[in-house]
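J.: when you get a sec, could you give me coordinates for this:
(one chain, ligands or ions: 2)
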Amino acid sequence: MENFVFCNPTTLHFGKNALDGLKEVLQHYGRKVLLVYGKGSIKKTGLYDKVMGYLNEVQAEVFEYEGIRSNPVIEDVDIAAALGRKHKVDVILAVGGGSVIDSGKFISITIPVQHPAWDFITRKAKPEKAVPLICILTLAATGTEMNPFAVISKHDANFKDGYGSPLLYPAHSFLDPQLTVTVPRNYTAYGIVDLIAHCFEAWFGAGETTLSDRFIISIVQEAIKYGPALLKDLNNYDLREKIMYAATMALNGLTMQGKKSGEWGVHGIGHILSLLYDIPHGASLTIVYPAWMKHFQERAAGRIALLGSGIFNESLTAPESIKRIEDLFRSLECPVRLSETGIVTDKQKICETLGINKVSGSNYKLKEEDLGKIVELFL
Ligand code: NZQ
Ligand code: ZN
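T.: Ligands and ions are numbered 1, 2, ... in the order given. All right, here's what the predicted structure looks like:
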């Protein structure tokens with residue numbers, strides 16, 4: 001096991017009516033609030049009115065940035081940051097799923113500077129401070145509510161990837177599973193498979209930590225037990241609660257302690273499918289993961305078999321494990337081949353864009369030849 005320092009500075013407010021605590025938290029951060037949200041779901045669900053009610057009660061001066069899209073783009077970050085900078089906001093309140101929260105994270109480090117957010121990604125600049133970020137999560141999936149990562153696209157640079165900085169931890173995240181009851185069936189499923197994929201990325205990382213491995217198996221088992229049930233009963237609070245808790249724990253550091261690294265090759269390839277074809281993040285992962293495991297099934301045979309045997313609680317070989325994982329993704333109504341999305345795709349373009357983004361894996365290095373074979377397996 002590796003030595004490690006574990007500090008997760010995000011305060012999590014979890015459970016039914018967790019938002020009751022929002023007003024008190026807001027009062028600690030000053031009156032000027034930049035409210036960031038997506039394409040309208042929070043208006044349809046009534047959450048927008050509720051949040052505005054709280055903001056009015058604390059006499060906040062609110063500046064709004066609406067319209068963050070799924071698979072968010074850096075252009076929105078720069079415009080929202082300019083708004084926040086102009087009005088010298090004290091705090092950012094991001095209300096939505098991973099796309100909104102990730103954008104809020106980039107906005108938080110871009111407000112204090114005079115250059116575009118892109119300069120952080122190209123490493124031309126390093127963030128030195130951030131406007132505090134408070135999140136209200138409405139979709140259980142990414143784990144962004146309690147981690148230091150943000151994922152963004154820039155289409156004219158053919159780019160989608162993650163970025164990490166300790167400054168990106170939200171100060172507070174409010175997670176009320178009731179707020180996820182309106183998430184449509186497809187995005188509910190994409191969230192479940194995303195949390196499973198985060199566990200897999202930790203599992204296939206470098207280094208040995210038996211306790212972290214047990215955490216991983218337990219989190220995936222929760223998803224396997226309650227995920228399919230949730231798809232049959234989308235209004236079920238108890239099931240929403242279990243999936244929301246699992247999704248946060250799947251990528252908040254818990255599964256990674258004592259390891260040298262995670263893997264993240266599948267996420268890197270998945271991001272390219274989302275960039276090129278606007279495929280929802282979770283669906284990109286169920287397309288790539290079986291292909292990635294098939295490609296590495298000899299080299300990672302022991303690890304794949306151990307994962308399959310652990311999560312399904314029976315003795316399985318590597319090929320059997322891959323088959324069961326693919327069946328699991330299918331049972332969660334997610335695509336396991338790119339062709340199942342109905343999108344017309346172009347292998348050469350995918351490979352070129354993987355090259356431009358330098359997708360190279362971590363513990364299992366991906367050379368050009370590996371990438372070509374994996375793409376072939378998931379087309
Ligand atoms: O835009 P609105 O109107 O809000 O609608 C959203 C969007 O259409 C809708 N939605 C969200 N909450 C809802 C709801 N609809 C009804 N009721 C609700 N309560 O759902 C759609 C998808 O939302 P989005 O935020 O895009 O989904 P998700 O949470 O899966 O986030 C995906 C993004 O996060 C990145 C992904 O790459 C992708 O860009 N990731 C971020 C990570 C991180 N920061 O740690 C890790 C992940 O691996 C992932 O890469
Ligand atoms: Zn993910």
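J.: where in the chain is pLDDT low?
T.: By pLDDT under 70, the chain contains no weakly predicted segment.
J.: residue ranges of the strands in it, please?
T.: With DSSP state E as the criterion, the chain has strands at 11-14, 32-37, 61-65, 91-96, 133-137, 149-154, 159-164, 172-175.
J.: check contacts around the residue nearest to Leu230 when sequence neighbours are not counted.
T.: Counting by CB to CB, 6 or more residues apart in numbering, the nearest residue to Leu230 once its immediate chain neighbours are dropped is Leu239, at 4.1 Å. Every residue, glycine included, has its C-beta placed from N, CA and C. The contact partners of Leu239, by CB atoms under 8 Å, 6 or more residues apart in numbering, come to 226, 229-230, 233.
J.: again with Val359
T.: By CB under 8 Å, 6+ apart, the neighbours of Val359 are 265, 268-269, 271-272, 366, 371.
J.: ok, Cys208 to ligand 1 distance?
T.: Quick fix: residue 208 reads Glu, not Cys. 24 Å (CB to the nearest ligand atom, to the nearest Å).
J.: and for Asn252?
T.: 9 Å.
J.: count the neighbours of the closest residue to that residue other than its chain neighbours for me.
T.: With CB to CB, 6+ apart as the criterion, Asn252 has its nearest non-adjacent residue at 4.0 Å, and that residue is Met146. Each residue near Met146 was counted by other CB atoms under 10 Å, and the total is 24.
J.: which residues touch the residue nearest in space to the middle of the chain?
T.: Note on the chain: the residue nearest the mean C-alpha position is Thr142, at 2.5 Å, using CA atoms, centre = their mean. Neighbour list for Thr142: 97-98, 101-102, 191, 194, 247, 251, 281 [criterion: CB under 8 Å, 6+ apart].
J.: and the gap between it and Met1?
T.: As for Thr142, its distance to Met1 is 27 Å (criterion: CB to CB, to the nearest Å).
J.: Leu22 now?
T.: Distance from Leu22 to Met1, by CB to CB: 39 Å.
J.: between those two, which one's more packed in?
T.: Leu22 (21 against 13).
J.: which residue is the nearest non-sequential neighbour of that one?
T.: Tyr54 (5.3 Å).
J.: burial check on that neighbour, number of neighbours?
T.: So Tyr54, with other CB under 10 Å, has 16 neighbours.
J.: again with the one 5 residues further on
T.: Under the neighbour criterion other CB under 10 Å, Gln59 is assigned a count of 8.
J.: and what of the one 4 residues further on?
T.: If you count neighbours by other CB under 10 Å, Phe63 ends up with 17.
J.: was I right about it contacting Val36?
T.: No. Using CB atoms under 8 Å, Phe63 is not in contact with Val36; the gap is 9.6 Å.
J.: tell me what the longest helix anywhere in the chain is packed against?
T.: In the chain, ranked by residue count with DSSP state H as the criterion, the top helix is helix 210-232. Applying 3 or more CB pairs under 8 Å, 6 or more residues apart in numbering; DSSP states H and E, one finds that helix 210-232 makes contact with helix 185-203, helix 237-250, helix 301-312.
J.: separation between Met244 and Leu254?
T.: 15 Å.
J.: and Pro319, how many neighbours?
T.: 15.
J.: need the residues of the chain near ligand 1, please.
T.: 38-42, 45, 70-72, 96-100, 102, 138-139, 141-144, 147, 149-151, 179-180, 182-183, 187, 190-191, 194, 251, 267, 281 (CB under 6 Å from any ligand atom).
J.: which of the residues you listed count as buried?
T.: 38, 41-42, 70-72, 96-100, 102, 138-139, 141-144, 147, 149-151, 179-180, 182-183, 187, 190-191, 194, 251, 267, 281 (16 or more other CB atoms under 10 Å).
J.: and the residue of the stretch 251-379 of the chain closest to ligand 1?
T.: Taking CB to the nearest ligand atom, ligand 1 has its nearest neighbour within the stretch 251-379 of the chain at His281, 3.8 Å off.
J.: what sits against that residue?
T.: Contacts for His281 (CB under 8 Å, 6+ apart) come out as 71, 98, 141-142, 151, 190, 194, 270-271, 274.
J.: and if you look at Val62?
T.: 33, 35, 52, 55.
J.: is it true that Asn186 touches Glu333?
T.: Yes. Using CB under 8 Å, Asn186 is in contact with Glu333, at 7.3 Å.
J.: for those two, indicate the residue with more neighbours.
T.: Glu333 (17 against 14).
J.: how far away is the more buried one from Tyr190?
T.: Where Tyr190 is concerned, Glu333 sits at a distance of 10 Å (CB to CB).
J.: re earlier: so which of the contacts of Val359 are in helices?
T.: Going by DSSP H, the helices hold 265, 268-269, 271-272, 371 from the contacts of Val359.
J.: what about the helices in the stretch 251-379 of the chain?
T.: For the stretch 251-379 of the chain, applying DSSP state H, counting those that start in this stretch gives helices covering 265-277, 281-295, 301-312, 318-331, 347-356, 368-378.
J.: spatially nearest residue to Ala189 (excluding sequence neighbours)?
T.: That would be Leu332: by CB to CB, 6+ apart, it lies 4.8 Å from Ala189.
J.: would you agree the one you found is in contact with Asp194?
T.: No. If you go by CB under 8 Å, Leu332 and Asp194 don't touch, sitting 10.8 Å apart.
J.: before we move on, back to that, thought the residue nearest to Asn252 was touching Phe174?
T.: No. Using CB under 8 Å, Met146 is not in contact with Phe174, being 11.4 Å away.
J.: what does the domain assignment say about the chain?
T.: 11-180, 185-378 (automatic domain parsing).
J.: now for these, which one comes closest to Val5?
T.: Ranking the domains of the chain by proximity to Val5 (CB to CB) places domain 185-378 first, at 9.3 Å.
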